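S.K.: Model the following, please.
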Amino acid sequence: MVMTIGILPVGNADPTILSRLKDGLAKVFPETKTLIVNEHLPLPGPAFDKRRGQYRSNQILGMIQSHISNKSVKRLLGVIDADIYIQGLNFVFGEALFPGKVALISLWRLKPEFYRNSPNLEVFAERALKEAVHEVGHTLGLRHCPRSSCVMHFSNSIFDTDKKQALFCDECYIQTAIAINTLERTT
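M.R.: A predicted model of the protein is given here:
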């Protein structure tokens, strides 16, 4: 059985970016099927921290987890256009259950205009794809990679995201292939 990656919009995620993510994930994970889930999750009010003006990503991950009832979807990537954080960090571009079946990326800080630059769809879409691949990689059991050009390298800032590729280094690629192959044999 081929691994299927579902993309679940959370709130008002840009449909153009969702489509670009679907196509990009299919290229990075060629042995998988990608689809945009035919529903969306509303912005979760209880996950909003008024003091910080951000959403708690772990709470949103829990809500995404409850949407993975479809047995054909082996990984579910939530995409939110709101600022998210985890305890101990000012913000995160994404978070995943490690290893697990669900991940989340935020588009909020990936937009060039967040950094007072002109809107640029290509830069925006590339950043979103890098973070999506990174978080899906975590669901497959991959850890952060020390190679700054590998998609699994930790992004502490947008500069780190821009520096890395949307692809795995050779070592992470092998780990990914093994994880997907194992997943396909056990389902």
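
S.K.: just how off-centre is the strand or helix carrying T182 within its chain?
M.R.: With the criterion set as DSSP states H and E, the secondary-structure element containing T182 is helix 170-185. In terms of CA atoms, centre = their mean, to the nearest Å, the centre of helix 170-185 is found 18 Å from the chain centre.

S.K.: so where's the protein shaky on pLDDT?
M.R.: Applying pLDDT under 70 to the chain picks out residues 1, 69-71, 186-187.

S.K.: for it, what's the longest strand?
M.R.: If you go by DSSP state E, the chain has its longest strand at strand 3-10.

S.K.: and the longest helix that the chain contains, what does it pack onto?
M.R.: Among the segments of the chain that qualify as a helix by DSSP state H, the longest is helix 121-139. Helix 121-139 sits against helix 15-28, strand 75-80, strand 94-96, strand 102-106, helix 158-163, with contacts defined as 3 or more CB pairs under 8 Å, 6 or more residues apart in numbering; DSSP states H and E. C-beta: built from backbone N, CA, C; applies to glycine.

S.K.: One more pass at 10 Å, please.
M.R.: Using 3 or more CB pairs under 10 Å, 6 or more residues apart in numbering; DSSP states H and E as the contact definition, the elements that helix 121-139 packs against are strand 3-10, helix 15-28, strand 32-36, strand 75-80, strand 94-96, strand 102-106, helix 158-163, helix 170-185.

S.K.: Please name the bridge partners of T32.
M.R.: T32 has these beta-bridge partners by DSSP bridges: M3.

S.K.: Grab the most central residue of this structure for me.
M.R.: Geometric centre of the chain, nearest residue: A132, 3.0 Å, by CA atoms, centre = their mean.

S.K.: Run through the residues that contact H138.
M.R.: Taking CB atoms under 10 Å, 6 or more residues apart in numbering, we find H138 in contact with G94, E95, A96, L97, F98, P99, G100, A103, H144, M152.

S.K.: switch the cut-off to 8 Å
M.R.: Neighbour list for H138: A96, L97, F98, P99, A103 [criterion: CB atoms under 8 Å, 6 or more residues apart in numbering].

S.K.: Of those, keep whichever come out buried.
M.R.: Restricting those to buried positions leaves A96, L97, A103, with burial counted as 16 or more other CB atoms under 10 Å.

S.K.: want to throw these into CSV with distance to P30?
M.R.: Output for those, formatted as CSV (distance: CB to CB, whole Å):
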residue, distance to P30
A96, 21
L97, 24
A103, 19
